[in-house]
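Undergrad: Here is the input, now give the coordinates:
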Amino acid sequence: MLWWLAFFTALGLCIGSFANVLIYRLPLGQSIREPRWSHCPHCATRIRWRDNLPVIGYLLLKGRCRNCRLPISIRYPAIEALVALVFLALADAFLIDPSHPGLRPTNAGATERLVTDWPILTAHLILFACLFVMSAIDLEHYWVDIRFSSFAAASGFALHSVWTPAYSLATWPRPGTTFAAVSFAVIVGLGAVWILRIVSLSEADPPDEETPPQEGAAPSPSRYMSRRPSSRTPLVMLLALIAACWVLSCLDVFEVRTGGAATRLALVCGGLFAALIWAGRHPQESDEQIVETLEEESVDARRLAGVETLIFVPAVIYAVLVAIWLQRDPTFSGGFEALLMRAWAPGETGAPATWRPLLGLATAGSGFIIGGSLGWAVRLGFTLLFGKEAFGVGDIHMMAAAGCVAGWPVVVIGFFLACFLAMLGWVATLPFKRTAAIPLGPWLSLSFLITVLFYRPITESRMIVNFAEAVKYFL
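TA: Numbering: from 1, shown residues only. Next up, the predicted model:
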């Protein structure tokens with residue numbers, strides 16, 4: 001077990017280190033390929049490899065650049081440590097104490113679970129790594145780079161197609177025959193619109209959600225350098241406390257009872273919530289810019305919302321035609337169901353047939369459609385009602401990607417939890433700043449993580465069970 005904990009810690013630290021590169025360079029419009037080495041954002045000196053070790057390098061340098069001696073922002077080791085904690089929490093929820101009934105039964109060890117459940121764990125690691133980067137950028141710039149959500153969704157489709165073990169068929173949120181066919185039809189319709197849009201905009205500027213803020217919106221390199229070393233102390237102490245409590249609570253894995261998985265996972269979620277408050281407490285220029293932008297666009301908000309509905313026309317047409325075909329042609333319905341549930345052997349001679357790639361794709365597709373549809377419904381409904389953009393396109397992409405990987409219940413539950421957390425966070429930052437804008441991306445990411453880590457107790461509550469039964473009835 002210690003080996004796996006060490007592995008996921010190291011993996012999280014490395015991914016967190018790369019996340020720092022993305023979070024710093026993308027809003028500034030810099031390439032992530034050139035320069036290929038890390039450099040001090042103030043004096044541009046190349047950082048030596050031993051100084052660039054995640055967290056360790058920061059400690060060895062005592063928080064200051066070796067060349068110019070200016071303080072290094074605490075953001076760098078904080079992001080590395082937080083990503084490592086997220087990866088440890090996901091490993092805990094999937095390998096040590098499974099939080100989802102669709103995972104391998106609890107009588108298996110961590111290594112045995114990893115052998116069979118590695119695709120779904122990998123998909124979640126990719127998802128939350130991407131959500132972390134998107135949230136960090138959104139928190140400061142109110143800008144979501146949908147390339148990360150697209151990558152997470154593509155990974156979800158690919159990895160779900162190879163993860164269809166028999167023990168997950170009845171417990172993981174998988175679609176029925178009709179909704180699986182409708183999901184494929186909707187994806188085909190959206191794909192057709194996407195291809196036409198790419199062709200028509202091949203020589204035009206990229207959309208706002210994919211383009212970093214222009215002049216006046218991007219932070220200067222000095223924003224990533226701290227000249228007040230004393231302000232780093234509370235976060236350092238918080239991270240040290242979380243790490244110490246994590247180690248102590250992990251002792252129950254080795255038959256020393258301390259509090260169990262719930263304690264470990266709650267510490268991670270609480271630490272992320274505190275980190276969001278800490279990172280969002282300072283007033284920023286982008287707070288006012290986003291409010292001004294929304295006011296300027298409010299004149300055409302309802303008209304644009306109506307135009308956006310045209311995007312879904314082909315998808316709706318395909319979905320209706322497929323649903324009618326299924327109802328009127330029993331041969332097609334039966335053939336599609338047989339194809340959906342057809343199992344293939346993993347490759348070994350005499351091995352049981354457990355691989356259902358079409359069912360895996362349908363699982364990812366149904367989550368993608370429900371997550372994205374919920375986001376679009378909120379965006380269109382509130383925009384038409386209030387005459388202002390109420391939900392960003394980037395947030396919708398985050399919900400679709402989360403549904404693709406983690407399943408539609410995570411998105412539905414996580415969305416309402418995100419609204420509560422966002423308001424709680426806004427109240428917590430009121431003593432530090434006043435703003436009418438709330439970046440929802442970070443709170444969506446945190447709520448999705450909480451739902452994944454505590455999936456079983458949340459979904460087994462009576463209210464959620466009744467709601468899920470109602471949704472399944474219609475699907």
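
Undergrad: ranges for the strands of the stretch 51-200 of the chain?
TA: Using DSSP state E, counting those that start in this stretch, no strands are found in the stretch 51-200 of the chain.

Undergrad: Just say helix, strand or coil for residue 432.
TA: Per DSSP: H, G, I helix; E, B strand; the rest coil, the secondary structure class of residue 432 is coil.

Undergrad: Next: residue 33.
TA: Secondary structure assignment for residue 33 (three-state DSSP): coil.

Undergrad: Can you give me the distance of it to residue 410?
TA: 34 Å (C-beta to C-beta, to the nearest Å). For every residue, glycine as well, the C-beta is placed using N, CA and C.

Undergrad: ok, those two, which is more surrounded?
TA: Per other C-beta atoms under 10 Å, whichever of residue 33 and residue 410 has more neighbours is residue 410, with 28 against 7.

Undergrad: Leaving out sequence neighbours, find the closest residue to that one.
TA: Leaving aside its chain neighbours, residue 410 sits nearest to residue 451 (4.7 Å; criterion: C-beta to C-beta, 6 or more residues apart in numbering).

Undergrad: what kind of secondary structure is the one you found in?
TA: Going by three-state DSSP: residue 451 is helix.

Undergrad: Contacts only, for it.
TA: 406, 409, 410, 413, 414, 417, 458 (C-beta atoms under 8 Å, 6 or more residues apart in numbering).

Undergrad: The first one: how many residues sit nearby?
TA: Other residues within reach of residue 406 by the criterion other C-beta under 10 Å amount to 26.

Undergrad: if I read this right, it contacts residue 364, doesn't it?
TA: No: with contact defined as C-beta atoms under 8 Å, residue 406 does not reach residue 364; the gap is 10.2 Å.

Undergrad: Just read off the phi/psi values of the residue lying closest to residue 120 once chain neighbours are set aside.
TA: In space, and not counting its chain neighbours, residue 120 is closest to residue 163: 5.0 Å by C-beta to C-beta, 6+ apart. Note on residue 163: its backbone torsions stand at phi -120, psi 90 [degrees, to the nearest 10].

Undergrad: so where's the stretch 1-150 of the chain shaky on pLDDT?
TA: Low-confidence segments of the stretch 1-150 of the chain, defined by pLDDT under 70: 1, 106.

Undergrad: Run through the helices of it in chain order.
TA: All helices of the stretch 1-150 of the chain, identified by DSSP state H, counting those that start in this stretch, fall at 2-25, 56-60, 75-91, 110-141, 146-160.

Undergrad: Pick the most buried one from these.
TA: Of all these, helix 75-91 has the most neighbours on average by mean count of other C-beta atoms under 10 Å, namely a mean of 24.

Undergrad: which helices and strands sit right next to that helix?
TA: Counting contacts by 3 or more C-beta pairs under 8 Å, 6 or more residues apart in numbering; DSSP states H and E, helix 75-91 is packed against helix 2-25, helix 56-60, helix 110-141, helix 233-249, helix 260-279, helix 440-453.

Undergrad: In terms of pLDDT, where does the closest residue to residue 444 other than its chain neighbours sit?
TA: Distances taken as C-beta to C-beta, 6+ apart place residue 418 nearest to residue 444, at 4.6 Å, with adjacent residues excluded. Predicted confidence (pLDDT) at residue 418: the value is 91.

Undergrad: cool, residue 204 as well?
TA: pLDDT for residue 204: 49.

Undergrad: Residue 444 now?
TA: At residue 444, the predicted lDDT confidence score is 93.

Undergrad: quick one: it and residue 414 touch, right?
TA: Yes: Residue 444 lies in contact with residue 414 (C-beta under 8 Å); the separation is 6.7 Å.

Undergrad: Report the set of residues contacting both of the two.
TA: The contact sets of residue 444 and residue 414 overlap at residue 402 (C-beta under 8 Å, 6+ apart).

Undergrad: center of this structure, which residue is that?
TA: residue 131 (3.4 Å; C-alpha atoms, centre = their mean).

Undergrad: quick revisit: output the contacting helices and strands for the helix or strand where the residue nearest to residue 444 lies.
TA: For residue 418, the host element (DSSP states H and E) is helix 408-429. The contact analysis (3+ C-beta pairs under 8 Å, 6+ apart) places helix 408-429 against helix 260-279, helix 357-386, helix 393-406, helix 440-453, helix 455-459, helix 462-474.

Undergrad: Tell me which of these is the most buried.
TA: Comparing the helices and strands packed on helix 408-429 by mean neighbour count (mean count of other C-beta under 10 Å), helix 393-406 comes out on top with a mean of 28.

Undergrad: average pLDDT for that helix?
TA: For helix 393-406, the per-residue pLDDT averages 93.

Undergrad: ok and it relative to helix 110-141, angle-wise?
TA: Here helix 393-406 points in a direction 180 degrees away from that of helix 110-141 (axes from the mean of the first three to the mean of the last three C-alpha atoms, to 10 degrees).

Undergrad: Please compute how far helix 393-406 lies from its chain's middle.
TA: The chain centre lies 7 Å from the centre of helix 393-406; the measure is C-alpha atoms, centre = their mean, to the nearest Å.

Undergrad: C-alpha coordinates for it, PDB please?
TA: Extracted in PDB, the C-alpha atoms of helix 393-406 (Å, rounded to 0.1, in the frame of the first residue of the first chain):
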ATOM      1  CA  VAL A 393     -20.100  28.200 -22.100                       C
ATOM      2  CA  GLY A 394     -16.900  27.000 -20.500                       C
ATOM      3  CA  ASP A 395     -18.800  25.900 -17.400                       C
ATOM      4  CA  ILE A 396     -21.100  23.900 -19.600                       C
ATOM      5  CA  HIS A 397     -18.100  22.100 -21.200                       C
ATOM      6  CA  MET A 398     -16.900  21.300 -17.700                       C
ATOM      7  CA  MET A 399     -20.200  19.700 -16.800                       C
ATOM      8  CA  ALA A 400     -20.300  17.700 -20.000                       C
ATOM      9  CA  ALA A 401     -16.700  16.400 -19.500                       C
ATOM     10  CA  ALA A 402     -17.600  15.500 -15.900                       C
ATOM     11  CA  GLY A 403     -20.700  13.600 -17.000                       C
ATOM     12  CA  CYS A 404     -18.700  11.800 -19.600                       C
ATOM     13  CA  VAL A 405     -16.200  10.500 -17.100                       C
ATOM     14  CA  ALA A 406     -18.000  10.300 -13.700                       C
END
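
Undergrad: and the angle for it with helix 408-429?
TA: Going by the same axes, to 10 degrees, helix 393-406 makes 130 degrees with helix 408-429.

Undergrad: And helix 393-406, what does it pack against?
TA: helix 110-141, helix 146-160, helix 357-386, helix 408-429, helix 440-453.

Undergrad: mind giving me CSV with those and columns for distance to residue 333?
TA: Shown next, in CSV, are the helices and strands packed on helix 393-406 (distance: least, C-beta to C-beta, whole Å):
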stretch, distance to residue 333
helix 110-141, 29
helix 146-160, 23
helix 357-386, 14
helix 408-429, 23
helix 440-453, 33
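
Undergrad: who's in contact with the closest residue to residue 11 other than its chain neighbours?
TA: Spatial nearest neighbour of residue 11, excluding adjacent residues (C-beta to C-beta, 6+ apart): residue 87 at 5.9 Å. If a contact means C-beta under 8 Å, 6+ apart, then residue 87 has 8, 9, 11, 12, 15, 125 as its contacts.
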